[in-house]
Every structure is written in structure tokens, then in C-alpha cells.
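>>> just the structure for this:
(one chain, ligands or ions: 1)
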Amino acid sequence: MSKKDNILIIGAGLCGSLLALRLAQRGYTVNVYESRPDLRTTDISAGRSINLALSDRGLKAMRLAGVEDKVKPLCIPMFGRLIHDIEGNTFPSNYSGRDNEYINSISRGELNGLLLTEADSYDNLTIHFNKKCNGIDIENNTARLYDYETKIETEVKGDVLFGTDGAGSSLRKSYYLERKFLFSYSQNYLTHGYKELEIPASAEKKHQISKDYLHIWPRGDYMLIALPNLDGSFTVTLFLSYEEGKYNFNNLTTEDTIKEFFATQFPDALALIPNIADEFFNNPTGALGTIKCSPWHYQNKNVLLGDSAHAIVPFYGQGMNASFEDVTVFDSIIEQYEGDWETIFKVYEKTRKADTDAIADLAIDNYYEMRDHVANPIFKEKRAIEMA
Ligand code: FAD
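Numbers count the residues shown, from 1 in each chain. Take a look at the predicted model:
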């Protein structure tokens, strides 16, 4: 295949924008189609989770694409976890016992925006926003794209097509629906969901609690975590059952019940979240699920990367890092087999599948252990700490 040939990428999230950048750097002609508006110019939520933990695996991918130096200023190193008990006492818990090990808190929107800007700087790459893929003909590599502005659906064709459109992937759906090969697929939701809240910056624009930690309020079958943002705020995530237990998303429906829940379970956090009830009502409750499938590709034509191939629950904070690692591994396989897409796709899945299955299972194990061992306060605290 000639590098002048056309590559289509569906989805310009974290994985898609990095993949596009890397393929453009390799000289391919790349067109990326993203259903959302451009997050650099439109005030939209960047998607699931406002900030994320970026690990060494993720940074390695940034290095590969030559953007590590630009990403690092966006990072806040978290040197360990700070556990908040129910009385409001705190105690630190290092990641490994070794000094100077840390994981980075980073804004999803800032990171995605940076990758888009880098990708945009290549003449052989074009990003098309507001274009939702409604289906893919996997035999002919054509994607049906609905334009939210013109309200017209058009068809585009690529020589090679990549599905990086996340957990609800249109390419994965086409694999399932077109039944051209034996496609194994599973999707499992947890009984817990999540909701994001905010600890705002102080009047002096400072962090109100230490920014050097990932903060955790472990409470057995529910948990609060908080990651720092550069503007002095913290993004707080509540993990809670939809319907089990004394407190759950289904019964926290009034200002009084929400305040009572936080006042009894997370009193020190409540003191820092002034608009708790408003935020609780206005912010969506997100679902948490695991997706596994195989194979990840069809012939030499199209392939899944990132969450579209292996969405995982966030209890190890590794979904984005694994998606970035997909690109690192994929790139090294291109290096070996450039021109032979079918071999590249096969070797990529063979290299990655066991690892992505393993992290998916580890993340689920942590969820169940936390949920099912609520009777033992020492155990439950230990498990919840491991989650984050
Ligand atoms: P996405 O980020 O979902 O991007 C997909 C893109 O495709 C989006 O831009 C979307 O708009 C677009 N798209 C979707 N459908 C279409 C369509 N039909 N047509 C065109 N475009 C489409 N991971 C970590 O490593 N660390 C963490 O700390 C962490 N925390 C998390 C916390 C929570 C609460 C959650 C839910 C997840 C967390 N993750 C974390 C996981 C991480 O968010 C994902 O693994 C990561 O976003 C995967 O990137 P992606 O590009 O594959 O998919």
C-alpha cells in the first residue's frame, strides 16, 4: 500500500487523535471524523471524566509522538494516595513504597486538545468535526457520516479504516451486525455508576487540599476520589450503587438525603463542596462497563483500537493509558511490517489482547472485592485504596 493512500479514522478522542498524529508523522494521508464539535473552540464536556491519571505507559506514547514536553506542563504529579477516614483524619499511602514515584493528574480536555492541535499541524491530516458515523460497510471500507450542521449523511471511503470511537464503537457494531466472520463480543455493566462533583479553588485560586495526592474516601460499597486540576479545583468522583445498600443513586433524590449522605459519610469533603445538591442533580450519572471482543480487525481493511476494542471499568485508572499503549505497540508493528496491513492487525491483536483482558479483569476484581467485602472494615478500606 502506498503511503499516499487514504486512511480513515472514526473518533478523535484520546486514542484517535494520538493515532492520527502518529500516522500523519509516518506520512499517511489521514482523515479523522469526530461526532462532537471541536472541543478546543466549543464549551463542551470533554466526555467521560474531567481529569484522568496519566501513567508512564501513557507518557511513553506521548514521547513517541514527540509531545511529551508539551504534555508535562499540563500534569500535576500525585506522589501517593491520601486516605480520608470517616472522622476526617487523613493518612498517606505511597504507591509502591519507593520515593519519587508518582502518577499524573491531567485534564482530559486539555490533553485531547493538545493532541488535536499537534495533529492539525500536518498538511496530510484533516479532522472533520460534527460528523457522526452511522455505520460502516466493512467490506468496502465506507463509512456513513451524518453532518450535524448540514443534517446530510454522506459516504466516505478509505483504503484502511480505524475505529477509535470508544465504548459505543460504530465499527464494532458493524462487525457484529454484518456477520461476515465469527465475532465474539461481550458487554457487562456494573451495578455501580459514577457522578462527578467539584471542589472549587479557594478565593486565592489555590487548591483547598493538598494537590500532591490522589485523595480517597474509601467507604466499602461506595467511595469518593478527587484528582487535582491546574486551576486550583479538584474533580471529585463518587462511585455508588444504582439501587443496592442504604445509600444509592436511586434513593438520593432530595437535597436533604444528599446532604445527609455526605454529612455522615464524607463530612470533610462536604465542607469543601458548596453546591453539593445542585451539582448532584445537574451532573449526569455515568455507567461503568467492560467490553471484550475478538477479532479486532477484518481482513486487511479495518481495525479497532482503544476503548472500542477493550473498554474497562476505571478501578485501576488504566483505560486511557492502555489505549495510548495500543498506539505505541501498533506503531512498532507498523515499523516491522509496513505495507502488510493484515499482518499488522493480526500481530497487534496477538500482542495486546492478553494484556488488555488482564487489566479488564483486574479492574473488575477490585470492584467486586470492594463491593462484597463490606463487612470487614480493614479489608474494605484496603480494597478501596487499591482501586485508585
Ligand atoms: P473515547 O475517549 O471514548 O473517545 C472516542 C471518541 O469517538 C470521542 O471523541 C467520541 O465523541 C467519538 N465518537 C464516538 N462515537 C462516534 C461516532 N459514531 N462517530 C464519530 N465519532 C464518534 N483511564 C485512565 O487511563 N486513567 C484514568 O484515571 C481514567 N479514569 C476514568 C474515569 C472514569 C469515570 C471513566 C469512565 C473512565 C476513565 N478512564 C481512565 C478510561 C478512559 O476514559 C478511556 O479508556 C479513554 O477515554 C479511551 O479513549 P478512546 O479514545 O479509546 O475513547
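>>> show me which residues of the stretch 251-388 of the chain are close to the ligand?
By CB under 6 Å from any ligand atom, the part of the stretch 251-388 of the chain that sits against the ligand consists of 286, 306-307, 314, 317-321, 323. Glycine gets a C-beta too; all of them are placed from N, C-alpha and C.
>>> what's the farthest-apart pair in those?
Between any two of those, the greatest separation by CB to CB is 19.1 Å, found for Gly286 and Asn321.
>>> would you map the helices across this protein?
Secondary structure of the chain (DSSP state H): helices located at 14-25, 56-64, 68-71, 108-120, 170-178, 255-265, 267-270, 276-282, 307-310, 319-337, 341-372, 377-387.
>>> picking up where we left off before, relative to Asn124, which of the residues of the stretch 251-388 of the chain next to the ligand is nearest.
Set against Asn124, the nearest of these by CB to CB is Gly306 (21.9 Å).
>>> least confident pick among the residues of the stretch 251-388 of the chain next to the ligand?
Confidence by pLDDT is poorest for Gly317 among those, given 87.
>>> list the contacts for that one?
Gly317 makes contacts with 52-53, 55, 103, 388, as judged by CB atoms under 8 Å, 6 or more residues apart in numbering.
>>> pipe those residues into a markdown table and attach neighbour count and pLDDT per row.
Output for the contacts of Gly317, formatted as a markdown table (neighbours: other CB atoms under 10 Å; pLDDT from 0 to 100):
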| residue | neighbour count | pLDDT |
| --- | --- | --- |
| Leu52 | 25 | 95 |
| Ala53 | 22 | 96 |
| Ser55 | 19 | 96 |
| Ile103 | 23 | 94 |
| Ala388 | 26 | 54 |
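>>> would you map out the domains in this protein?
Domains of the chain are assigned by automatic domain parsing as 6-74+107-187+288-361, 188-287+369-387.
>>> and Ile86, which of those domains is closest to it?
Nearest of the domains of the chain to Ile86, taken as CB to CB: domain 188-287+369-387 at 6.7 Å.
>>> which residues of the stretch 51-200 of the chain score low on pLDDT?
96-99 (pLDDT under 70).
>>> how about the residues of it by the ligand?
By CB under 6 Å from any ligand atom, the part of the stretch 51-200 of the chain that sits against the ligand consists of 52-53, 132-133, 164-166, 168, 170, 194.
>>> run a quick neighbour tally on Leu115.
Neighbour count for Leu115, taken as other CB atoms under 10 Å: 26.
>>> typo on my end, it should be Ala263
Counted with other CB under 10 Å, Ala263 comes out at 12.
>>> tell me who's in contact with the nearest residue to it once chain neighbours are set aside.
Once flanking residues are discounted, Ala263 sits nearest to Leu270: 5.7 Å by CB to CB, 6 or more residues apart in numbering. The contact partners of Leu270, taken as CB under 8 Å, 6+ apart, are 259, 262-263, 276.
>>> hmm, which two among the residues you listed are most spread apart?
So, the contacts of Leu270 by CB to CB: farthest apart are Ala263 and Ile276, at 9.5 Å.
>>> select only the buried ones of the contacts of Leu270 in ChimeraX?
Applying 16 or more other CB atoms under 10 Å to these, the buried members can be selected in ChimeraX as follows:
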select :262,276
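>>> leaving out sequence neighbours, find the closest residue to Met15.
Let me fix one detail, which is that residue 15 is Cys and not Met. Per CB to CB, 6+ apart, closest to Cys15 is Gly306, 3.0 Å.
>>> equivalent analysis for Leu21, please.
Ala119 (4.2 Å).
>>> the one you found - how many residues pack around it?
Neighbour count for Ala119, taken as other CB under 10 Å: 27.
>>> circling back: out of the helices of the chain, nearest to Asp221?
Checking these against Asp221 by CB to CB gives helix 341-372 as the closest, at 5.4 Å.
>>> list the residues that contact Asp38.
Contact analysis of Asp38 by CB under 8 Å, 6+ apart lists 116, 127, 129.
>>> adding distance to Tyr189, write those out as JSON lines.
Formatted as JSON lines, those follow (distance: CB to CB, whole Å):
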{"residue": "Leu116", "distance to Tyr189": "30"}
{"residue": "Ile127", "distance to Tyr189": "31"}
{"residue": "Phe129", "distance to Tyr189": "29"}
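>>> who wins on neighbours among these?
Going by other CB under 10 Å, Leu116 tops the contacts of Asp38 with 24 neighbours.
>>> give me the distance between Lys195 and Asn248.
12 Å (CB to CB, to the nearest Å).
>>> anything in contact with each of the two?
Joint contacts of Lys195 and Asn248 (CB under 8 Å, 6+ apart) are Leu240.
>>> low pLDDT regions in the stretch 251-388 of the chain?
Using pLDDT under 70, the flagged stretches of the stretch 251-388 of the chain are 369-388.
>>> closest one to His84 among the domains of the chain?
Across these, His84 has its closest neighbour in domain 188-287+369-387 (4.6 Å, CB to CB).
>>> how far away from the center of its chain is the closest one?
19 Å (CA atoms, centre = their mean, to the nearest Å).
>>> Gly286 and Asn321: who's more crowded?
Shown here are Gly286 and Asn321; by other CB under 10 Å, Asn321 has more neighbours (23 against 16).
>>> what sits against the more buried one?
Taking CB under 8 Å, 6+ apart, we find Asn321 in contact with 53-55, 57-58.
>>> dig out what Val303 forms beta bridges with.
Note on Val303: beta-bridge partners Phe162, His297, judged by DSSP bridges.
>>> list the contacts of it.
160-163, 296-297, 345, 348.
>>> find the residue at the geometric middle of this protein.
Centroid-nearest residue in the chain: Met320, 4.5 Å away (criterion: CA atoms, centre = their mean).
>>> that residue and Leu52 touch, don't they?
Yes. Using CB atoms under 8 Å, Met320 is in contact with Leu52, at 5.4 Å.
>>> what's the overlap in contacts for those two?
Joint contacts of Met320 and Leu52 (CB under 8 Å, 6+ apart) are Arg108.
>>> what strands flank the longest strand that the chain contains, and is each parallel or antiparallel?
Longest strand in the chain by number of residues (criterion: DSSP state E): strand 184-199. Strands that pair with strand 184-199, judged by DSSP bridges, come out as strand 234-241 (antiparallel), strand 285-294 (antiparallel).
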